[in-house]
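**Student:** Here is my input; please provide its structure:
(4 chains)
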2 protein chains.
Amino acid sequence: MATRTESSAEPRIPLSKERVLRAAVSLADRDGIDSLTMRNLAQEVGVEAMSLYYHVANKEAVLDGVVDVILDEVEEVLGNVDGPPAEEDWKGAMRTRILSAREVLLRHPWAPAVIESRSAISPAIARYFDAVLGLLRGGGFSYDLAHHAMHALGSRALGFTQELFEPDDHDAGADDASNMLEQMADQFPYLVGMMMEVAHDDPNSTLGWCDDQFEFEFGLDLILNGLDGLRQTA
Amino acid sequence: MATRTESSAEPRIPLSKERVLRAAVSLADRDGIDSLTMRNLAQEVGVEAMSLYYHVANKEAVLDGVVDVILDEVEEVLGNVDGPPAEEDWKGAMRTRILSAREVLLRHPWAPAVIESRSAISPAIARYFDAVLGLLRGGGFSYDLAHHAMHALGSRALGFTQELFEPDDHDAGADDASNMLEQMADQFPYLVGMMMEVAHDDPNSTLGWCDDQFEFEFGLDLILNGLDGLRQTA
DNA sequence: ACCTGAACACCGTTCAAGT
DNA sequence: ACCTGAACACCGTTCAAGT
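**Tutor:** Alright, predicted model coming up:
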């Protein structure tokens, strides 16, 4: 650190597609997905913007590649926490898989939107869903029911749900909030009623919903249990 | 038509926010959401780009407004097809509401992404979800269970699910497809197995999934039935 | 083989100015 | 009150050119 001059020997290793993609992920992690521009990304790897095009076709390719990096991370986590075999407990196996994937996606909050913005099926995504399907098959699902199951799970199979109401980061003081609630009470009676009760039980969730772990698991279990019932009666 | 000169008396009515927003919707309908730029939108209403800023604060405000226009359309449809009252059949009432909303969103395929990109709760969205909550309450749900139910439904309550695998518009010939399937068979055995069976049953769905009406209703009913069970045992 | 500079056709937005 | 022109700070991307 102390003896090395700043601009001399650092960029010896030439750029590579992998390095570009990993830099893209950490740039998005640090500054948000809107900061992931070709120019910023170039700066992140110490190069001019146009040099990136030597390693990736265009920005779409960067986003495709970023999704693959994320899914590699998911697969790495999955390698460490293998749950029960699907033959004995398909629901448990699915649950641990999905919650492990969720763990990774929570570390990259911008990733769900990027994943959903891709239209082509990347190999990494295909691999993931192939494994999901494998769990269902192992649990005795017909291909037909498994197909419906994949649709029913949707992005939940990857560990996320797009929340319609993102909670505000800046919760505007409890007084303002309760004043606002009173003003909205006639327009949105049920919403206000619910918020008052939920806020009473859990003062942390004042306004907006809360995509916490509990809500995710609630919805997930609802679907998994429903699917299990269909599997048995099919 | 024949007697009127082209550039004279057309833009008599001055622009209004409403006209801008409606133009934004029809522009997105016609040319896709990527074509909805301030410059294109200005041209659509026969004005220079900078004039828009007299009527809307910025592009975010346009997108907010566009969502409200869509939800007005939803409410209009809902006004015409009132289902059963929630007190007698909450599930049926919810089902007709959600499938009616879906009908509108299918006419504006870009709308789901825009809706999910909004972070603030617009009044129109709040009104919609207040009504959804009202149906649940009418069906005897506690606020607590209703809260979980809203999370479980997520965007499905508005009639859409974001599909992970958008079907390709250009299906690349049946021969190519089956060749590709063979090549992928060892990498993605379950996916290929499922596709072969599904394709066999329904030649229309060759590759990729199919977010058709059936799959949506399958997932929706799975959740609604699950919620109904919880409601009765709670 | 790998990187760059200059340039192009776009964005959203501000600001002073027109009628 | 309503609209405009010129300008700014950005985008992604191409292309000919450097080492």
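**Student:** Next secondary structure element downstream of the helix or strand bottoming out on mean pLDDT in chain A?
**Tutor:** None of the helices or strands of chain A scores lower by mean pLDDT, DSSP states H and E than helix A:174-184, at a mean of 72. Downstream of helix A:174-184, the first helix or strand assigned by DSSP states H and E is helix A:189-201.
**Student:** what's the angle from the helix or strand just after that following helix to helix B:213-233?
**Tutor:** Note on helix A:189-201: by DSSP H and E, the next helix or strand toward the C-terminus is helix A:213-233. Here helix A:213-233 runs at an angle of 110 degrees relative to helix B:213-233 (axes from the mean of the first three to the mean of the last three C-alpha atoms, to 10 degrees).
**Student:** Run the chain-centre distance for helix A:213-233.
**Tutor:** 19 Å (C-alpha atoms, centre = their mean, to the nearest Å).
**Student:** Need the mean per-residue confidence for it.
**Tutor:** Rounded to a whole number, the mean pLDDT of helix A:213-233 is 96.
**Student:** Can you give me the buried ones in stretch A:141-156?
**Tutor:** A:141, A:143, A:145-156 (16 or more other C-beta atoms under 10 Å in any protein chain shown). Just so you know, the C-beta spots here come from the backbone N, C-alpha and C atoms, and that holds for glycine as well.
**Student:** Mind listing residues that contact that stretch?
**Tutor:** A:90, A:98, A:112, A:115-116, A:129, A:132-133, A:136-137, A:157, A:161-162, A:216, A:219-220, A:223, A:226-227, A:230-231, A:234, B:161-164, B:193-194, B:197-198, B:201, B:209, B:211, B:215-216, B:218-219, B:222 (C-beta atoms under 8 Å, 6 or more residues apart in numbering or on different chains).
**Student:** how about A:Leu71, what does it touch?
**Tutor:** Taking C-beta under 8 Å, 6+ apart, one finds A:Ser122, A:Ala124, A:Ile125, A:Arg127, A:Tyr128 in contact with A:Leu71.
**Student:** Name the helix or strand for it, please.
**Tutor:** Assigned by DSSP H and E, A:Leu71 falls in helix A:59-80.
**Student:** Packing partners of whichever helix or strand comes after that helix?
**Tutor:** Scanning forward in sequence from helix A:59-80 by DSSP H and E, the next helix or strand is helix A:86-107. Judged by 3 or more C-beta pairs under 8 Å, 6 or more residues apart in numbering or on different chains; DSSP states H and E, helix A:86-107 is in contact with helix A:59-80, helix A:123-138, helix A:213-233.
**Student:** Outside of helix A:86-107 itself, list whatever touches it.
**Tutor:** A:29, A:70, A:73-74, A:77-78, A:81, A:83-85, A:111-112, A:128, A:131-132, A:134-141, A:156-160, A:216-217, A:220-221, A:224-225, A:228.
**Student:** Quick check: PyMOL command selecting the buried ones in the residues you listed.
**Tutor:** Entered in PyMOL, the line below selects the buried ones among those, by 16+ other C-beta under 10 Å:
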select buried, chain A and resi 70+73+74+78+83+111+112+128+131+132+134+135+136+137+138+139+141+156+157+158+159+160+216+220+224+228
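**Student:** Could you report the neighbour count for A:Thr104?
**Tutor:** Thr isn't right for residue A:104; it's Val. As a burial measure, A:Val104 scores 21 neighbours (other C-beta atoms under 10 Å in any protein chain shown).
**Student:** same deal with A:Gly193?
**Tutor:** With other C-beta under 10 Å as criterion, A:Gly193 counts 18.
**Student:** which sections of chain A are below the confidence cut-off?
**Tutor:** A:1-12, A:166-177, A:200-211 (pLDDT under 70).
**Student:** What residues does it have near DNA strand D?
**Tutor:** Taking C-beta under 7 Å from any atom of the strand as the contact definition, chain A meets DNA strand D at A:Leu36, A:Thr37, A:Met38, A:Arg39, A:Asn40, A:Ala49, A:Met50, A:Tyr53, A:Asn58, A:Lys59, A:Glu60.
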